[in-house]
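In: Please find the sequence and the predicted model below.
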Amino acid sequence: MENIRFLLIVVFAMLLYMLWEAWQVDYGPKPEVTAIEQPVIDSKEDLPTTSVIESPQSETKSNIPETETATPDVSAVPLLEAQSDKIITVETDVYHLEIDTKGGALRNLDLLKYPVSKDNPDKVVRLFNSEIDKLYLGQSGLISAGGSPSLPTHHSIFSSDKEKYVLTDEINILKVPLTWTDSHGFTVTKTYFFKRGSYDVKLEQKITNHSNQSWSGRQYIQLLRKPYKDKNGNTFIRTYAGGVIYTEEEKYQKIKFGDMESENLKVQTKGGWVAMIQHYFASAWIPPQDKINTLYTKKLKDQRYVIGAYTEPVTIPAGSEKTLVATLFAGPKIQPMMEKVAKGLELTVDYSWLTFIGKPIYWLLNKIYSLVGNWGFAIMGVTLCIKLLFFPLSQASYKSMAKMRKIQPRLQELKEKFGDDRQRFNTEMMNLYKKEKVNPLGGCLPILVQIPVFIALYWVLVETVELRQAPFALWIQDLSAKDPFYILPVLMGITMKIQQSLNPAPVDPLQAKVMKMFPIIFTVFFLFFPAGLVLYWVVNNTLSIIQQWVITKQIEKEK
C-alpha cells in the first residue's frame, strides 16, 4: 500500500462525511414545527424553575422536585412602572445595541467591527435580535422564595432617565442604570457596565429593602434563542451552533437544541457558565465563579429555547441592601480575550476531540502572525513548522515510497508472469520485498501518525475568527471565503498530480485509473473550500514534493 493512496483515501472519506453532514442539515428530516398564527413571547413559561436541593452535585436532570418558581406575585404593584416599555439605545466603540425597559433585556446587539461581508461593510453582524424568526435575547431577573414579595423578572417594566447612552472619548466605562420600585418598599437598580474595547458586560442588580420584612431569593441570567441558521455559511463546512455549558466537574459540554427538546437540564456546579454559540461568535452568561450555581435549559413554544443559570439563595434583611453580579460576554470567539473573561470560555472555539492538538497550533498561528502581520503568511509558517516537526516521519515514508517506485518494474514483471496465479504472485512479491528490504506499509504508518495533526489544523483554520475576512495577497482578500478565481484549487490539483508522478503506480490497472482521477475530484471539492484551507494544502503539497523529489533521486542513485 502506497503512502499517497492511503492519505488520499482517508481525506476522500473525510470529504464524503462532511458532504453527508451538509446534506443532512439541508435536506434531512426536520423537527415538526407547530403552526401558530402569532408567537407568544410574553408568557411566563420562560422563567426558571428552582429546586429545594442546594448541595452541589455533578449533574441532575429535570426530575428534581420543582418547588420554587419565579411566578410574579400579583400583589406587588410597582410604583414607578411606566405604562409601556420603551427602548434604550447604547453605543460603544464595539457595540450598538438596544435595552428594553421591559425586564432590561438586551436585544439587537450589533458588532460594529465585524461586517457581514467585505462587499457591504455598513451591514454588521447582529447577535441578539428582536425579530420573531431570528429571536435571540439576553435576559436577567430575580426569583423570590419563601413567600417573599416578588421582585422584577425579565417581564417587569423598569424606568430609565435617558433613552440613549453613548461611550464618549472622555470616559472608558459607560453605565446604563434601570430602576424598578414596588409598593412594599423594594427598589431594584439594574445597571449594565460597558467597557471601551471590551466584549464583556458587567451586570449589577442592586436590591434595596426599605420594607419591614426580609427578602429571600436568587438572581437568574439566561439566553433565549431560536435555532440559528447561517445563510452565508459555506456549504461544505458545517460548524456547531447551539447551547453549551461549562461545569467544574464535566468541563465543556454541548447542549444541542434536540437535547433541550427531549429533556430539561438542571446541573449544579461551582462557578460554571452557559452560552449560545455559532460559527465565529458566541454569547455567554457567567454567574459568580466562587458560588454554587444551577445551570438549566427549557424548551418553549414556537421553537424557542432557553439556557441559563441561577445563583444560591440570598437573604436581605429589612432596612438593608445587597448587590448581585454577573458577566455577559457577547462577541467574536477570540481565544486570548475569552480566557480572561471566564475559565474554559475559550473552548467555545470548538476543535472537537482534537482540542489538545488544536490549541497549540492556534498558539503557533498567533505567534507567527504577531511577527509577519499577515494571516496568509502565518498559515504558510505553521505549515512549514508542522513539516519540520514531522520531517523524520516524512523522510521514512518517502524513502519507503522511493524504494517501492524503484522495484516497480520488477513487480510488473511478476504481475505479467504470475498474473493468473494470485497466490504465487503474492508469494513472489513478498519474497521480493524481503530481498530488497522494502516494507510495503512503510509509507503508510508515518502518515497515520500525522493525520490527527492535519485534522486539528483543519479545524483551527475553520474556527479561527481572526481569519474571517482577513486579506492575504493579490486576489485573495478573504481567507475565510473561497478563491474568487479558483487559482488556489487549481494549483492544489496540479501539486497533487505532481505528487502522484513521484509515487509508485499501482500494479492493478483499475486502481491506476482511479488514482489518476483523484486530483480532478479533489480540485472540484476544493473549489468551494475557504482560501486559507486551500493555501495550507498548496504549501504542504509543495513542500512534500520538494522533499520527496530529493529523496527519490537519492534512492534511484543507489545500486
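Out: Received it, and whenever you're ready, just let me know what you need.
In: Strands of the stretch 51-200 of the chain, start to end?
Out: Remark: strands assigned in the stretch 51-200 of the chain by DSSP state E, counting those that start in this stretch are 60-61, 66-69, 87-91, 95-100, 105-117, 120-126, 136-144, 164-166, 173-181, 186-195, 200-209.
In: Look through this protein and tell me its longest helix.
Out: Assignment by DSSP state H gives helix 531-557 as the longest helix of the chain.
In: Just the buried positions in that helix, please.
Out: Of all the residues in helix 531-557, those buried under the rule 16 or more other C-beta atoms under 10 Å are 531-545, 547-549, 551-552, 555. (Each C-beta comes from the backbone N, C-alpha and C, glycine too.)
In: cool, stretch 362-372 as well?
Out: The neighbour-count check on stretch 362-372 (16+ other C-beta under 10 Å) flags 362, 364-366, 368-369 as buried.
In: quick one: buried residues of stretch 379-386?
Out: Buried positions in stretch 379-386, judged by neighbour count with 16+ other C-beta under 10 Å: 379-383, 386.
In: in this structure, what secondary structure element scores lowest on mean pLDDT?
Out: Using mean pLDDT, DSSP states H and E, strand 60-61 stands out as the lowest-scoring helix or strand of the chain, at a mean of 37.
In: Please tell me I have it right and Phe257 contacts Tyr240.
Out: No. If you go by C-beta atoms under 8 Å, Phe257 and Tyr240 don't touch, sitting 10.9 Å apart.
In: In terms of pLDDT, where does Leu474 sit?
Out: For Leu474, the pLDDT comes out at 85.
In: Also Leu112?
Out: 95.
In: Tell me who's in contact with it.
Out: 93-96, 124 (C-beta atoms under 8 Å, 6 or more residues apart in numbering).
In: The helix or strand where Tyr369 lies: what's the following helix or strand?
Out: Applying DSSP states H and E as the criterion places Tyr369 in helix 355-372. As assigned by DSSP H and E, the chain's next helix or strand after helix 355-372 is helix 375-389.
In: same for that next one, what does it pack against?
Out: helix 355-372, helix 445-463, helix 531-557 (3 or more C-beta pairs under 8 Å, 6 or more residues apart in numbering; DSSP states H and E).
In: In CSV: those helices, plus mean pLDDT and distance to Ile487.
Out: Output for the helices and strands packed on helix 375-389, formatted as CSV (pLDDT from 0 to 100; distance: least, C-beta to C-beta, whole Å):
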stretch, mean pLDDT, distance to Ile487
helix 355-372, 92, 22
helix 445-463, 78, 18
helix 531-557, 81, 9
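In: who's in contact with stretch 202-210?
Out: The contact list for stretch 202-210 (C-beta under 8 Å, 6+ apart) reads 140, 142, 151, 185-193, 195, 215, 219, 221, 316-328.
In: Surely Glu428 is in contact with Lys415?
Out: No. Using C-beta under 8 Å, Glu428 makes no contact with Lys415, being 9.8 Å away.
In: picking up where we left off before, among the strands of the stretch 51-200 of the chain, show me which one is buried the most.
Out: Comparing the strands of the stretch 51-200 of the chain by mean neighbour count (mean count of other C-beta atoms under 10 Å), strand 136-144 ranks first with a mean of 25.
In: What helices and strands are in contact with that strand?
Out: strand 105-117, strand 200-209, strand 215-225, strand 281-286, strand 321-332.
In: For the helix holding Tyr369, output the C-alpha coordinates as PDB.
Out: What follows is helix 355-372, C-alpha atoms only, in PDB (Å, rounded to 0.1, in the frame of the first residue of the first chain):
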ATOM      1  CA  THR A 355      -8.600  20.400  21.200                       C
ATOM      2  CA  PHE A 356      -5.300  19.300  22.900                       C
ATOM      3  CA  ILE A 357      -3.600  19.500  19.500                       C
ATOM      4  CA  GLY A 358      -5.700  22.400  18.100                       C
ATOM      5  CA  LYS A 359      -4.800  24.900  20.900                       C
ATOM      6  CA  PRO A 360      -1.000  24.600  20.400                       C
ATOM      7  CA  ILE A 361      -1.500  25.000  16.700                       C
ATOM      8  CA  TYR A 362      -3.600  28.100  17.300                       C
ATOM      9  CA  TRP A 363      -1.000  29.500  19.700                       C
ATOM     10  CA  LEU A 364       1.700  29.000  17.000                       C
ATOM     11  CA  LEU A 365      -0.500  30.600  14.300                       C
ATOM     12  CA  ASN A 366      -1.000  33.700  16.600                       C
ATOM     13  CA  LYS A 367       2.700  33.900  17.400                       C
ATOM     14  CA  ILE A 368       3.700  33.800  13.700                       C
ATOM     15  CA  TYR A 369       1.100  36.400  12.800                       C
ATOM     16  CA  SER A 370       2.500  38.700  15.500                       C
ATOM     17  CA  LEU A 371       5.800  38.500  13.600                       C
ATOM     18  CA  VAL A 372       4.600  38.700  10.000                       C
END
